[in-house]
Each structure stands twice: as C-alpha cells, then as structure tokens.
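> have a look at this prediction, sequence included:
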Amino acid sequence: MKVRKVPLWRIAHARSGDKGDASNVGLIADHPRFYEVLLRQVTAERVKAHFHAICRGEVERYEVPNLHALNFILHDALGGGGTESLKIDAQGKTHGQGLLLMEIEVPEELLDDD
C-alpha cells in the first residue's frame, strides 16, 4: 500500500477554543473514510509533540466516532489563560488551524487526485 504524507487540512477540519489555561481542539474528518486514519495517527503524543513550544501540560484525546471526530484538551497551553497571560493572544482559537498543519501518512487510494 502506497502512502502519501499530507497536512491534516487535506482530510479534516478543526474547531478550537479555550477554557482557563486549557485549549480545546476538535478535529473532524472531511469524509468517514478518513476517520480510521485519524484514529491511528493523530495520537495525544503526536499532538503534544506538534504543540511542544506552547503546551506545557498533558494532552488528552477523546474519540467521537458518531461525528468522525477527535477532541483534544491541551492543558497548560495558554500561559495562564486570557486574563492572566502575558502572551499577545492567550486564547486557543488558533490552535485548530495550527493542528491542521501537522503532517500524517494517508493511503493514496483514500485521497482524491489533485
């Protein structure tokens, strides 16, 4: 089976927000055929590594199979949160877009031709 390395934005979309010092990122497969790929490759450990520069705490992953989605909670990722942080933007709204830049390997037969 041939695979191709692609950014997540090729097969999924994301929504994100924040609560206190935690960022909440939902990753939703664009088609049900991609959900198994997300399950196998987008682990809490890989998401933690992807956000290594900002996520100081643990990353939790929740599976939402009826929506073909994964939900990640990035703890200690916002410098204390919107009211405490010295960061310019201490909110998690951009973390969904950031996650979509992560590259994974997808079987070529699942991808549409470019």
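Ah, there it is.
> please make it C-alpha for all contacts and neighbour counts, starting now.
Will do.
> dihedrals phi and psi, the most centrally placed residue in the chain?
Centroid check for the chain by C-alpha atoms, centre = their mean gives residue 99 as the closest residue, at 4.1 Å. Here is the backbone geometry of residue 99 (degrees, to the nearest 10): phi -70, psi -30.
> tell me the bridge partners for residue 70.
residue 27, residue 63 (DSSP bridges).
> quick check: it vs residue 1, distance?
25 Å (C-alpha to C-alpha, to the nearest Å).
> looking at these two, which is more packed in?
Legend: neighbour count by other C-alpha atoms under 10 Å for residue 70 and residue 1, higher for residue 70 (21 against 6).
> coming back round to it: thought the residue nearest to the centre of the chain was touching residue 10?
No: the pair residue 99 and residue 10 fails to qualify as a contact (C-alpha atoms under 8 Å) at a distance of 11.9 Å.
> which strands border the helix or strand of the chain with the lowest mean pLDDT, and is each parallel or antiparallel?
Least confident element among the helices and strands of the chain, by mean pLDDT, DSSP states H and E: strand 12-19 (a mean of 89). Paired neighbours of strand 12-19 in the sheet (DSSP bridges): strand 22-29 (antiparallel).
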